[in-house]
Every structure is written in structure tokens, then in C-alpha cells.
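Undergrad: Sequence and predicted model, in that order:
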Amino acid sequence: MTLLSVQCNCGAVEIRVATRPMAQYFCHCDDCQAVHGGPYAVSLYKSENVSVARGDTVAFVLRTTPRTQCASCAMFLFAEVPGYGVRGLNAELLPKEQFNPQFHLQCQFSARRIADALPHFKALPAEFGGSGELMTW
């Protein structure tokens, strides 16, 4: 069953998603910032629910996180969260109305203060095995 089908910017790669997201958030970890030049908008799913249906991809690891991108246009498609069996789909692939972030995480690495009404976790929320500590900007 495919709930959602999305494509990279050039249309060469199609990603199929078979369920609703577990969470949606902005990641500010140093790995995401090094790769993306800023926070990474994430729609999180169990790994088996996000698959490449068509096209050639390239996988790499910069520091700790395996990432997959389109072999043609180099658009980032998803990242694996090591040891958790989940994939963080690039939320830029989603229709705008389907990305509803719930929080920011790893804000300890943020280059600047984040100014929105969402919770800003210093590291990870308690639901993700973290302390749940919020930033005190």
C-alpha cells in the first residue's frame, strides 16, 4: 500500500511512503548542518515504510548519519538514524500542507536562536530517549 509518492527535483527518483509519519521536526545536529548548511526538515518513518520505487540513488556518510540522494540532481531524499530502524524523509519533498513540524531537536548545535512557538529541545525529546531538556535561549 502506498500512502504517498514523492519525487526529487528532477523527477528521476520516486520515493514511496506506506504509512503516516511517526514525527515531524527540524534537526539541528552538527551532522545535518554540515550536510545541509542548516537545519534539516524531517518527516520520520520506520525504515521499511520508505522505499525507492524508481531511479538511481547514491548513499554516503559524512560523519555518523547514512544519507541517500538522487544520483542525477543530488537532492537529499532521506537519512537513516543509526541504531533506530527509522528513515528521516526530507520534508522538502512533501506537499507543504503535509509537513507539520512538532518540535526542533539538537538545538545545542544551532548557529542562532530559533524564534518560533515550537518546543526547542537541547538534544532529544524524552520520547526519543533523550532528557527532554529544553533550550533556555
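TA: Yes, it's here.
Undergrad: For the spatially most central residue of the chain, what is the enclosing helix or strand?
TA: Centroid-nearest residue in the chain, with Cα atoms, centre = their mean: V42, separated by 2.7 Å. For V42, the host element (DSSP states H and E) is strand 40-46.
Undergrad: ok, that strand: who's next to it in the sheet?
TA: Applying DSSP bridges, strand 40-46 is found paired with strand 23-27 (antiparallel), strand 86-90 (antiparallel).
Undergrad: looking only at pLDDT, what's the mean for stretch 42-53?
TA: In this model, stretch 42-53 has a mean pLDDT of 97.
Undergrad: how far does it stretch from start to finish?
TA: 20 Å (Cα to Cα, to the nearest Å).
Undergrad: Tell me how many other residues crowd F99.
TA: Look at F99: counted by other Cβ atoms under 10 Å, it has 17 neighbours. Heads up, the C-betas are built off the backbone N, CA and C, glycines and all.
Undergrad: And for the nearest residue to it once chain neighbours are set aside, the neighbour number?
TA: Nearest residue to F99 in three dimensions, chain neighbours excluded: A91, at 4.4 Å (Cβ to Cβ, 6 or more residues apart in numbering). If you count neighbours by other Cβ under 10 Å, A91 ends up with 20.
Undergrad: do the one 5 residues further on as well
TA: K96 sits with 8 neighbouring residues when counted by other Cβ under 10 Å.
Undergrad: before we move on, the earlier item: neighbouring contacts of the next helix or strand after the strand holding V42?
TA: Per DSSP H and E, the first helix or strand lying C-terminal to strand 40-46 is strand 50-54. The contact list for strand 50-54 (Cβ atoms under 8 Å, 6 or more residues apart in numbering) reads S5, V13, E14, I15, R16, V17, A18, T68, L77, F78, R87, L89.
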